[in-house]
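1. sharing a model prediction with you, sequence too.
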Amino acid sequence: MSVAFASAAENIGLQPLVVILPGHAFAGVRLERDSQDVLYFDLTALPGESFSSAVARADGWLRRTPEKRVLVDDVAAAARTLGVYPLAPRTPA
């Protein structure tokens with residue numbers, strides 16, 4: 001779910017991140033272009049809970065997990081390094 005969200009977020013011009021922990025992953029977005037300020041949220045809380053709950057759940061994961069076991073991946077930067085680019089938009093025929 002986090003990777004699908006990251007793909008959609010990049011498609012609308014946001015800078016998505018995916019946080020990978022032992023046994024779990026969640027998403028985030030930079031609050032401004034190239035900013036270090038990031039809003040993290042655990043999409044597994046949705047749709048049954050509020051967006052605030054999704055943010056709190058991600059914060060809980062970050063607090064409970066030792067920093068050395070947390071991988072924060074800038075999706076676009078990692079993909080470009082590997083030569084992966086978004087598909088070009090289709091033009092009407």
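-> Yep, it's here. These numbers were taken from a predicted model, which means no experiment stands behind them.
2. tell me how far Val18 lies from Thr91.
-> 30 Å (Cβ to Cβ, to the nearest Å). In short, each C-beta sits where N, CA and C put it, glycine included.
3. where does the residue positioned nearest the centre of the chain sit: helix, strand or coil?
-> Closest residue to the average C-alpha location of the chain: Ala27 at 2.9 Å, with Cα atoms, centre = their mean. Of the three states, Ala27 takes strand under DSSP: H, G, I helix; E, B strand; the rest coil.
4. what's the closest non-adjacent residue to it?
-> Ser2 (4.3 Å; Cβ to Cβ, 6 or more residues apart in numbering).
5. now for that neighbour, how many residues are close by?
-> Counted with other Cβ atoms under 10 Å, residues neighbouring Ser2 total 22.
6. still on that earlier bit, more neighbours: Val18 and Thr91, which one.
-> The neighbour count for Val18 versus Thr91, taken as other Cβ under 10 Å, is higher for Val18 (18 against 5).
7. quick one, strands of the chain?
-> Using DSSP state E, the strands found in the chain span residues 16-21, 24-30, 38-41, 71-74.
8. in JSON lines: those strands, plus distance to Ala58 and mean pLDDT.
-> Formatted as JSON lines, these follow (distance: least, Cβ to Cβ, whole Å; pLDDT from 0 to 100):
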{"stretch": "strand 16-21", "distance to Ala58": "7", "mean pLDDT": "93"}
{"stretch": "strand 24-30", "distance to Ala58": "5", "mean pLDDT": "93"}
{"stretch": "strand 38-41", "distance to Ala58": "4", "mean pLDDT": "94"}
{"stretch": "strand 71-74", "distance to Ala58": "11", "mean pLDDT": "88"}
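9. show me what contacts the residue nearest to the centre of the chain?
-> 1-2, 5-6, 9, 16-19, 40-43 (Cβ atoms under 8 Å, 6 or more residues apart in numbering).
10. could you flag which of the residues you listed are buried?
-> Burial by neighbour count, 16 or more other Cβ atoms under 10 Å: within the contacts of Ala27 this picks out Ser2, Phe5, Ala6, Ala9, Pro16, Leu17, Val18, Val19, Tyr40, Phe41, Asp42, Leu43.
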